[in-house]
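[1] Quick check, what structure comes out for this input:
(4 chains)
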Number of protein chains: 2
Amino acid sequence: MPSDIEKNARRKPQQLRGEQRMAAMLDAAAAVFAQSGYDAATMTAIAERSGSSIGALYQYFPNKLALAKALRDYYGEEMARRWTTLIADASQLSIAALVDRIFDLMIGFFNEHPAYFTLLNATLGYQRDAGARQRLRSRIGAALREKQPELEEGEALRLATVSLQIVKGLNPLYAVAAAAERVELVAEFKLVLLSYLKARLRK
Amino acid sequence: MPSDIEKNARRKPQQLRGEQRMAAMLDAAAAVFAQSGYDAATMTAIAERSGSSIGALYQYFPNKLALAKALRDYYGEEMARRWTTLIADASQLSIAALVDRIFDLMIGFFNEHPAYFTLLNATLGYQRDAGARQRLRSRIGAALREKQPELEEGEALRLATVSLQIVKGLNPLYAVAAAAERVELVAEFKLVLLSYLKARLRK
DNA sequence: CTTAAATGTGAGGGTATCCTCAGATAATTA
DNA sequence: TAATTATCTGAGGATACCCTCACATTTAAG
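    As a prediction, the model looks like this:
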């Protein structure tokens, strides 16, 4: 079954000009999605913001859904890359240091790319991108078991799932907070995850 | 400045028939919002599901936004009522018992009324209903200070804010989980909040 | 029973957005 | 330079949805 992205595939840029325009379009889409949310965002607004016409926009993306998914996947790959380096360091980090890194990574990324958070929570098509998140969960679960081998696989997975959701679920508080409160708030977030993990991993 | 609800006010039911229809409309709206989300929900679908015509729907609700707000406020009042009885008991409950009650209340309510969760997270108009949530935070903060008087007001408020967000932020995991996993999952949720509160209240 | 008030109906006007397409412009190739 | 390929433009067709309104039906009041 061809997805909304595959069917009706569009031009892939062959020249530098095309690549730059496509990048500008993704940038503009990020701004508009972050500001208006997925549903309220309009293709016209994205085209205007990117400095091109609607026609040009539709040459690279067959529809709004495909554009959103492309943007989400683009960010998702960068996210995965950062997690890779974090997980590589996991074995030689204390739990507290690990929690530090996790929140700095996630909150920082969401703050830098608010559209990613928006698209993660939007219902794009009939299913969210279960694949990427599933992979991330597995990797975190494996890292946890490396730290504590007596952890069962199912338990490790559940721990990873809940931990990720804590980070994601707390983020809106950060997004809304005044700049002055953010440092304290992140410390509070870290305490949440840290005390949970300590309670859960302490044998 | 008149809100979208106040301006263009509609008929209030004068007969039993009208009240029943209005209730049926709110029920239908809850089902459709829960299934499709606020944006994708259509007034036609709500009217059909409620067994009435579009015209009838618009006699009671001037527009989609007003309908959503009415539904959200309706649930919000029931929610506040339940919190009132919980907070009344708070002083004579252990932290663990309190956390138990909180999750049973919230997760149960969200599960029973998924549309409430949907509408809480939707952007209705230009601002979310800051009022109700602000009041709830204050009440929880006050209850916490009753339990631990040396807590500063600002700290208590932040604790309440973060705790509420934990509950709300974890809920999607419950909503998606298979029935067999839910009991274990809720236990996990309770551990998250409990270990955080213990770490935070321990002096 | 008559009259008035309350409630109900659904076709269709108004509007906004998605997306296409025929033709124009720019870059590359021969 | 000429031909070909890549990219761009924006008016407008198609569609979906919000919401109104003139009129019909049901209930209550006198």
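
[2] Please compute how far the worst-scoring helix or strand of chain A on mean pLDDT lies from its chain's middle.
    Ranked by mean pLDDT, DSSP states H and E, the weakest helix or strand in chain A is helix A:130-147, scoring a mean of 91. Centre-to-centre, helix A:130-147 and its host chain are 15 Å apart (Cα atoms, centre = their mean, to the nearest Å).

[3] same for the helix or strand that contains A:Leu57, what does it pack against?
    Element membership of A:Leu57, judged by DSSP states H and E, is helix A:54-60. Counting contacts by 3 or more Cβ pairs under 8 Å, 6 or more residues apart in numbering or on different chains; DSSP states H and E, helix A:54-60 packs against helix A:16-40, helix A:43-50. Bear in mind the C-beta positions are built from the backbone N, C-alpha and C, glycine included.

[4] about what we covered before: is chain B within reach of the least confident helix or strand of chain A?
    No - counting by Cβ under 8 Å from any Cβ of the partner chain, chain B is not contacted by helix A:130-147; separation bottoms out at 10.1 Å.

[5] now swap in stretch A:66-84 and tell me
    No - Stretch A:66-84 lies apart from chain B when judged by Cβ under 8 Å from any Cβ; the minimum separation is 13.6 Å.

[6] ok so, going back, could you dump the helices and strands packed on helix A:54-60 to JSON lines with mean pLDDT, mean neighbour count and distance to B:Asp27?
    Shown next, in JSON lines, are these (pLDDT from 0 to 100; neighbours: other Cβ atoms under 10 Å in any protein chain shown; distance: least, Cβ to Cβ, whole Å):
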{"stretch": "helix A:16-40", "mean pLDDT": "97", "mean neighbour count": "17", "distance to B:Asp27": "24"}
{"stretch": "helix A:43-50", "mean pLDDT": "98", "mean neighbour count": "18", "distance to B:Asp27": "35"}
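
[7] closest one to DNA strand C among the ones you listed?
    DNA strand C sits nearest to helix A:43-50 of all the helices and strands packed on helix A:54-60, at 3.7 Å, using Cβ to the nearest atom of the strand.

[8] and the angle for the closest one with helix A:16-40?
    Between helix A:43-50 and helix A:16-40, the angle comes out at 140 degrees (axes from the mean of the first three to the mean of the last three Cα atoms, to 10 degrees).

[9] how much distance is there from the helix or strand that A:Leu191 is a member of to the middle of the chain?
    Using DSSP H and E, A:Leu191 maps to helix A:179-201. With Cα atoms, centre = their mean as the basis, helix A:179-201 stands 20 Å off its chain's centre.

[10] ok, how many other residues are close to whichever residue of chain A sits closest to DNA strand D?
    In chain A, no residue comes nearer to DNA strand D than A:Gly55, which is 1.9 Å away by Cβ to the nearest atom of the strand. Using other Cβ atoms under 10 Å in any protein chain shown, A:Gly55 has 8 other residues around it.

[11] rewinding a little: tell me which other helices or strands the following helix or strand past the least confident helix or strand of chain A touches.
    Scanning forward in sequence from helix A:130-147 by DSSP H and E, the next helix or strand is helix A:153-176. Counting contacts by 3+ Cβ pairs under 8 Å, 6+ apart, helix A:153-176 packs against helix A:95-112, helix A:114-121, helix A:130-147, helix A:179-201, helix B:153-176, helix B:179-201.

[12] Run the chain-centre distance for helix A:153-176.
    Distance of helix A:153-176 from the chain centroid (Cα atoms, centre = their mean) equals 13 Å.

[13] and what of stretch A:164-182?
    Chain-centre distance of stretch A:164-182: 14 Å, with Cα atoms, centre = their mean.

[14] Now do the buried residues in that stretch.
    The neighbour-count check on stretch A:164-182 (16 or more other Cβ atoms under 10 Å in any protein chain shown) flags A:Leu164, A:Gln165, A:Ile166, A:Val167, A:Lys168, A:Gly169, A:Leu170, A:Asn171, A:Pro172, A:Leu173, A:Tyr174 as buried.

[15] Name the nearest residue to the fourth one, sequence neighbours excluded.
    Just to be clear, that refers to A:Val167. In space, and not counting its chain neighbours, A:Val167 is closest to A:Met106: 4.8 Å by Cβ to Cβ, 6 or more residues apart in numbering or on different chains.

[16] buried sites along stretch A:187-199?
    Applying 16+ other Cβ under 10 Å to stretch A:187-199 flags A:Glu188, A:Phe189, A:Lys190, A:Leu191, A:Val192, A:Leu193, A:Leu194, A:Ser195, A:Tyr196, A:Leu197 as buried.

[17] for the record, mean pLDDT for it?
    Taken as a whole, stretch A:187-199 carries a mean pLDDT of 98.

[18] Show me how chain A divides into domains.
    A:3-66, A:71-200 (automatic domain parsing).

[19] Go through these and name the closest to B:Gln59.
    Comparing the domains of chain A by their distance to B:Gln59 (Cβ to Cβ), the top pick is domain A:3-66, with 27.0 Å.

[20] Output the helices and strands packed on helix A:153-176 as TSV; include the columns distance to B:Tyr116.
    What follows is the helices and strands packed on helix A:153-176, written out as TSV (distance: least, Cβ to Cβ, whole Å):
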stretch	distance to B:Tyr116
helix A:95-112	25
helix A:114-121	17
helix A:130-147	25
helix A:179-201	24
helix B:153-176	11
helix B:179-201	18
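
[21] and of these, who's closest to DNA strand C?
    The closest of these to DNA strand C is helix A:114-121. By Cβ to the nearest atom of the strand, the value is 14.5 Å.

[22] Give me the packing partners of that closest one, helices and strands only.
    helix A:16-40, helix A:64-90, helix A:95-112, helix A:153-176.

[23] Which residue, neighbours along the chain excluded, lies closest to the one residue in chain A that gets nearest to chain B?
    Across chain A, the shortest distance to chain B (Cβ to the nearest Cβ) belongs to A:Gly169, at 1.8 Å. Counting by Cβ to Cβ, 6+ apart, the nearest residue to A:Gly169 once its immediate chain neighbours are dropped is B:Gly169, at 1.8 Å.
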